[in-house]
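J.: Quick check, what structure comes out for this input:
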Amino acid sequence: MGNLWRFAFAAICALACSCGSPATAQPFPSRTVHIVVPYPAGGSNDIIARILAQKLTENLGQQAVVDNRGGANGNVGSALVATSPPDGYTLLLSAPGPLTSNAKLYSHLPFDPERDFAPVALVASVPIVLMVHPSLPVKTVDELIAYARANPGKINFGSSGNGSTNHLAGELFKSMAKINIVHVPYRGAAPAMNDLIGGHIPMLFDNMPAALPQIQSDHVRAIAIAGAKRASALPALPTVAESGLPGFDASAWFGLVAPAKTPAPVLARLSNAVMEILKTPDVEQRFKQLGAEPGTLSGAAFGAFLRSETDKWAKVIEVSGAKVD
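T.: You can find the predicted model right below:
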């Protein structure tokens, strides 16, 4: 009888293991991967995410889909990913705000950027463009500053939300130029751009992928590049630093992260896939058309980049006096 019980117990254990093993033994990925974009559809973040999702679908052999979860300058979608199971199936592709500057701008975040995320890869770097509505009688940075000084408090500049990179670019411009311009936050870059085109706001800093089509169609007037160097997509357009504000430097990027504690092999699979995708000629060409540059950092190197960006924007916030309304 003893041998019978031992045989039965062994059979039960084997059955239990066989029932529980498929879910854990299946190699990653075995189902759909969700890429959360913490901003509304139509902005640069969304454009880059959809290019990446299409290519990840091909590379991973499983569908990758974009899930827009806008709100609170990216905090809503970011919190969703931070609290998702750490299995690689829910990722965050975000602009700098939620991963760097929001911690300095908000008194309370529902997540800790450094503690709750695992770095995967820097996907793209993009120039920021300073634009105005064509009705504004300025064509250069010097003319814009002079006009703003002659009309204090009468020029509104839009952004994709409080604490966003284009908000901080505007605040830095305001501080360095010593002008009084008024921030108008939107729930994403796309509605801000729509209001610039419609003449409801006269000024906007926005990322090149979303800005370039509007500039090329003359819906808006590009004044300068906000970064330290000129953009290859608009080589004749000077930088803000060249145009009267030496040292001015504001640029944007989009990074992919996973929930903390995601297994190292899964993170490696994802980062390797992204790096392979970013080196393909068609993606390089598509990014070039958008005015973006493919990222070159992954894993620990991208984590170090995030820490340096956090320090950089903390200084910008301190200098500019930017606050969340």
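J.: Could you pull up the mean pLDDT of stretch 225-236?
T.: Average pLDDT, stretch 225-236: 93.
J.: Any idea how far apart the tips of it sit?
T.: Criterion C-alpha to C-alpha, to the nearest Å; first-to-last residue distance in stretch 225-236 is 10 Å.
J.: Flag every buried residue along it.
T.: Buried residues in stretch 225-236, counted by 16 or more other C-beta atoms under 10 Å: 225-227, 230-231, 233-234. Bear in mind the C-beta positions are built from the backbone N, C-alpha and C, glycine included.
J.: Tell me which residues touch residue 157, please.
T.: By C-beta atoms under 8 Å, 6 or more residues apart in numbering, the contact set of residue 157 is 170, 181-184, 201-205.
J.: Greatest separation within those: which pair is it?
T.: 182 and 205 (14.0 Å; C-beta to C-beta).
J.: Check which helix or strand residue 77 maps to.
T.: Secondary structure from DSSP states H and E places residue 77 in helix 75-82.
J.: Please name every helix or strand in contact with that helix.
T.: strand 33-37, strand 90-94, helix 96-99, strand 251-259 (3 or more C-beta pairs under 8 Å, 6 or more residues apart in numbering; DSSP states H and E).
J.: Take these and write them to a markdown table, including mean neighbour count and mean pLDDT.
T.: Shown next, in a markdown table, are the helices and strands packed on helix 75-82 (neighbours: other C-beta atoms under 10 Å; pLDDT from 0 to 100):
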| stretch | mean neighbour count | mean pLDDT |
| --- | --- | --- |
| strand 33-37 | 22 | 98 |
| strand 90-94 | 27 | 98 |
| helix 96-99 | 27 | 93 |
| strand 251-259 | 25 | 95 |
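J.: Include distance to residue 125 when you put the ones you listed into TSV, please.
T.: What follows is these, written out as TSV (distance: least, C-beta to C-beta, whole Å):
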stretch	distance to residue 125
strand 33-37	17
strand 90-94	14
helix 96-99	11
strand 251-259	5
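J.: Quick check: which of those is nearest to residue 79?
T.: Going by C-beta to C-beta, the one of the helices and strands packed on helix 75-82 nearest residue 79 is helix 96-99, 8.7 Å.
J.: which helices and strands does the next helix or strand after that closest one pack with?
T.: For helix 96-99, the following helix or strand on the C-terminal side (DSSP H and E) is helix 102-105. For helix 102-105, the contact count by 3+ C-beta pairs under 8 Å, 6+ apart identifies helix 299-320 as packing neighbours.
J.: buried set for the helix it packs on?
T.: Of all the residues in helix 299-320, those buried under the rule 16+ other C-beta under 10 Å are 299, 302-303, 305-306, 309-310, 313, 316-317, 320.
J.: For the host helix or strand of residue 289, buried residues please.
T.: In the assignment (DSSP H and E), residue 289 maps to helix 281-290. By 16+ other C-beta under 10 Å, the buried positions in helix 281-290 come out as 283, 286-287, 290.
J.: where in this protein is pLDDT low?
T.: 1-25, 323, 325 (pLDDT under 70).
J.: all strands of it, in order?
T.: 33-37, 64-68, 90-94, 117-132, 156-159, 182-185, 203-207, 221-225, 251-259, 293-294 (DSSP state E).
J.: picking up where we left off before, could you check which of residue 182 and residue 205 has the larger neighbour count?
T.: Remark: of residue 182 and residue 205, residue 205 carries more neighbours, 31 against 14, as counted by other C-beta atoms under 10 Å.
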